[in-house]
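> build me a model:
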Amino acid sequence: MEKREQFEAKIRHTLGKKVRFLRRQGLTPANLYGPKTESIALEAESPVLERLIARVGRNALINLTVDGGKKPRLVMIRDIQRDPLTDTLLHVDFFQVEVTHKVRTEIRLIFLGEAPAAKSARVMLIQNLTSLHVEGLPTDLPRSIEVDLSVLEDLAQVIHVRDIAISDKLELLTDPDAVAVYLEESHVPVEEMEVKEEVPAEAEEEATE
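Numbering: from 1, shown residues only. Predicted coordinates:
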């Protein structure tokens, strides 16, 4: 069995717009909720929380201790809010789960290998989806789903959601006919692209004459 991450948070008494003062103190506001759990306002040390997010992502099970309680709560990270300009952590939601109850979540896609058809400089690989929406028991949720790009041997080929292998313990909620990855050919001739790259250098030479 995979060892679960341990994390500790404290009850948060600072609410509303005043939470900005918490962030200045190196604390991130958070919330704990669940189908059988009343919402609880929490706070956690920002650097420690950042390291937790980097290690586990959104789908791993975490033993969350609140205010030093003896019995940890089994949770997942459900939502992460960041400042769009600075990427600073603003808020995190923890979702308390029960191992016998299914949950719906997004599982990120990891693209592996190289598409033979994309070796040409004129062909671009387009990743149309970054995650799949699934339902399953918390203990059956993977942290990621792998997509093999080596099957794309021809420009006309695509990878649909139905082509991606997932555990039979999961129910796929994303449209199976949705395109996850496809190839696109540039209509700009390679020679023209090279000439355009050289123009600025030539213009610079003329300006110095």
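
> isn't Ala178 right up against Asp163?
No: in this structure, Ala178 is not within contact of Asp163 by C-beta atoms under 8 Å, at 10.7 Å. Backbone N, C-alpha and C define where each C-beta goes, glycine included.

> looking at these two, which is more packed in?
It is Asp163, of Ala178 and Asp163, that has more neighbours when counted by other C-beta atoms under 10 Å, with 15 against 12.

> list the contacts of the more buried one.
Listed by C-beta atoms under 8 Å, 6 or more residues apart in numbering, the contact partners of Asp163 are Val151, Ala180.

> identify each buried residue in stretch 74-82, please.
Within stretch 74-82, the residues that qualify as buried are Leu74, Val75, Met76, Ile77, Arg78, Ile80, counting by 16 or more other C-beta atoms under 10 Å.

> no no, stretch 138-156
Residues Pro138, Leu141, Pro142, Ile145, Val147, Leu149, Leu152, Leu155 are the ones in stretch 138-156 that count as buried (16+ other C-beta under 10 Å).

> again, but for stretch 48-56
Leu49, Leu52, Val56.

> tell me how many other residues crowd Val161.
Other residues lying near Val161 total 20 when counted by other C-beta under 10 Å.

> so, low pLDDT: which residues of this structure?
1-2, 187-209 (pLDDT under 70).

> strands along that one, start to end?
5-11, 27-34, 37-45, 62-66, 73-82, 89-96, 103-112, 123-127, 131-136, 144-148, 158-160, 171-172, 179-185 (DSSP state E).

> quick one: those strands as CSV, columns for distance to Val19 too.
Output for the strands of the chain, formatted as CSV (distance: least, C-beta to C-beta, whole Å):
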stretch, distance to Val19
strand 5-11, 14
strand 27-34, 4
strand 37-45, 8
strand 62-66, 18
strand 73-82, 11
strand 89-96, 8
strand 103-112, 26
strand 123-127, 35
strand 131-136, 28
strand 144-148, 31
strand 158-160, 42
strand 171-172, 37
strand 179-185, 38
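
> tell me the one of the buried residues of stretch 74-82 nearest Leu129?
Comparing the buried residues of stretch 74-82 against Leu129 with C-beta to C-beta places Ile80 closest, at 19.2 Å.

> neighbours around the residue lying closest to that closest one once chain neighbours are set aside, how many?
The shortest distance from Ile80 to any non-neighbouring residue, by C-beta to C-beta, 6 or more residues apart in numbering, is to Val92 (5.6 Å). When neighbours are counted by other C-beta under 10 Å, Val92 registers 24.

> and Val92, how far is that from Val48?
Distance of Val92 to Val48, given as C-beta to C-beta, to the nearest Å: 12 Å.

> likewise for His91?
Using C-beta to C-beta, one obtains 15 Å as the distance from His91 to Val48.

> equivalent analysis for Ser120, please.
Taken as C-beta to C-beta, the span from Ser120 to Val48 is 46 Å.

> shared neighbours, Ala178 and Asp163?
Common neighbours of Ala178 and Asp163 (C-beta under 8 Å, 6+ apart) do not exist.

> can you tell me the centre-most residue of this structure?
Closest to where the C-alpha atoms of the chain average out (C-alpha atoms, centre = their mean) is Arg108, at 5.4 Å.

> coming back round to it: nearest to Lys18, of the strands of the chain?
Nearest of these (C-beta to C-beta): strand 27-34, 9.8 Å.
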